[in-house]
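Trainee: Following is a predicted model, sequence given first.
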Amino acid sequence: MHNIPVLTIDGPAGSGKGTIVEHVAKELGWHILDSGALYRIVAVAAEKKNIAFDDDDRLAALAEKLDAVFLPCKGGGVEVHLEGDDVSEAIRTEDCGCAASKVAANKGVRKALLERQRNYLLSPGLVADGRDMGTVVFPNAFAKIFLTASAEERAKRRFKQLNEKGLNVTLAALILDIQERDLRDMNRAEAPLKAADDAITIDTSDLSIDEVITKVLAVVREKK
Ligand code: DC
């Protein structure tokens, strides 16, 4: 089990992790752990069951027996099911990201999800995407990346994505959302968002997706 390689990619909301992880995992032929999706699913489940986002005991019990599955789609991508319902779209909204960030501040929730996340470590390798992959979940990962970008740049990217989907949002509101989420994720007591001491930080503000992928793959090759 310990010989299976893990590449951790941590960073704040909108730093481009999702896209980079997808490309890099495809290139390496490795599995993906989207840990943010797990926290988002807990947030959706909590809303469904009317559990407050700071009720650690009930949230932890919910996370412990979370009936969630990721089903790979034929054309690529995954469908996310919670208790048999397709929540793939529901977990991708800005509101859900914000709710996930609140849910994720609870100690019991993080503890409940720890083993579940480690179970994604399957041969031939895993690319783990999140906030605490390199610091808490996979501290022994052979390569660790921390992706950053300015809040403005991250909000601009999100603005473009949401506009393409036809959603009506303002850039100013997105910048505020991102700054609020960063503050909560970085300042919480449990597993705060931060680069592992042995992580390589890549600022993606002025880089294209291809340039970031090339840099990440170079790190992997160098460490192998
Ligand atoms: O990566 P994301 O935007 O899908 O994550 C949603 C929220 O979940 C994020 O704001 C903080 C939380 N999260 C976390 O605390 N730890 C992780 N490993 C991944 C996400």
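Mentor: Cool, the structure landed.

Trainee: from here on, contacts and neighbour counts on C-alpha atoms
Mentor: OK.

Trainee: counting contacts, what elements does the host helix or strand of Glu22 pack onto?
Mentor: Using DSSP states H and E, Glu22 falls within helix 17-28. If you count contacts as 3 or more Cα pairs under 8 Å, 6 or more residues apart in numbering; DSSP states H and E, helix 17-28 packs onto strand 6-10, strand 31-34, strand 126-130, helix 209-223.

Trainee: can you list the residues that contact the lengthiest helix in the chain?
Mentor: Ranked by number of residues, the top helix in the chain under DSSP state H is helix 171-187. With Cα atoms under 8 Å, 6 or more residues apart in numbering as the test, helix 171-187 has contacts from 12-13, 98, 101-102, 105, 151-152, 154-156, 158-159, 192-194.

Trainee: next SSE after that helix?
Mentor: Past helix 171-187, the next helix or strand by DSSP H and E is strand 200-203.

Trainee: Dump that next one to CSV, restricted to CA.
Mentor: Coordinates of each C-alpha in strand 200-203 appear next as CSV, following Å, rounded to 0.1, in the frame of the first residue of the first chain:
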residue,chain,number,x,y,z
ILE,A,200,6.6,23.3,-4.3
THR,A,201,4.6,26.4,-4.8
ILE,A,202,3.5,27.4,-8.3
ASP,A,203,1.8,30.9,-8.8
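
Trainee: that older thread, pick out whichever of the contacts of helix 171-187 sits closest to Ala46.
Mentor: Lys102 (11.3 Å; Cα to Cα).

Trainee: if we can go back for a sec, so which of the contacts of helix 171-187 reach the ligand?
Mentor: For the ligand, the contacts drawn from the contacts of helix 171-187 by Cα under 6 Å from any ligand atom are 13, 101.

Trainee: Narrow the contacts of helix 171-187 to those in helices?
Mentor: Per DSSP H, the contacts of helix 171-187 map to helices at 98, 101-102, 151-152, 154-156, 158-159.

Trainee: tell me the two of those that are most distant?
Mentor: Pairwise over those, using Cα to Cα, the maximum falls at Lys102 and Lys156, 23.1 Å.

Trainee: Fine by me, thanks again.
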